[in-house]
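>>> make a model of this:
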Amino acid sequence: MKRADVPPSRLFREPKRRPQAAAGSELMILAATRDAARLFLDLGTVTIVLAVGTRLAARTGFSSIPLYLVAGIVLGALAERRLG
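Model prediction:
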């Protein structure tokens, strides 16, 4: 069978494509929930507090890892109060 006799569909096979979620679909689902604004405020607050604490720890020569551990314990206790 010569190359000219082969149908084009057999020469050039397109790769199989997997269906993909739309870009940002997870964020859209999260934004559709009732408490999305509160969640984003909490995440932003935690991020800023940890960043400021890390900056202070670096200036004083203190490791920031204990700061993260203490912050996790405190935030866990606060979240437990809010949920319970």
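>>> in this structure Cys53 contacts Phe62, no?
I think there's a mix-up here, since residue 53 is Gly and not Cys. No - Gly53 is not in contact with Phe62 according to C-beta atoms under 8 Å; the separation is 9.8 Å. Every C-beta, even on glycine, is put in place using the N, C-alpha and C of the backbone.
>>> neighbour-wise, which of the two wins?
Gly53 (16 against 13; other C-beta atoms under 10 Å).
>>> what's the nearest residue to the more buried one once chain neighbours are set aside sitting at in phi/psi?
Among residues not flanking Gly53 along the chain, Leu67 sits closest, at 4.8 Å (C-beta to C-beta, 6 or more residues apart in numbering). Dihedral pair for Leu67: phi -60, psi -40, per degrees, to the nearest 10.
>>> could you do the one 5 residues further on as well?
For Gly72, the backbone dihedrals are phi -60, psi -40 (criterion: degrees, to the nearest 10).
>>> tally of neighbours for it?
12.
>>> list the residues that contact it.
Listed by C-beta atoms under 8 Å, 6 or more residues apart in numbering, the contact set of Gly72 is empty.
>>> distance of it from Asp42?
14 Å (C-beta to C-beta, to the nearest Å).
>>> same deal with Thr54?
18 Å.
>>> by contact count, what packs against the helix ranked longest in the chain?
What stands out as the longest helix in the chain, according to DSSP state H, is helix 36-60. Contacts defined by 3 or more C-beta pairs under 8 Å, 6 or more residues apart in numbering; DSSP states H and E place helix 36-60 against helix 65-83.
>>> buried residues in the helix it packs on?
Leu67 (16 or more other C-beta atoms under 10 Å).
>>> between that helix and helix 36-60, how many degrees?
160 degrees (axes from the mean of the first three to the mean of the last three C-alpha atoms, to 10 degrees).
>>> wait, Ala71 touches Leu50, no?
Yes - the pair Ala71 and Leu50 qualifies as a contact (C-beta under 8 Å) at a distance of 6.1 Å.
>>> run through this structure and note the low-pLDDT ranges.
1-34, 82-84 (pLDDT under 70).
>>> how much space separates the residue nearest to Gly53 from Ala77?
Leu67 is 16 Å from Ala77, by C-beta to C-beta.
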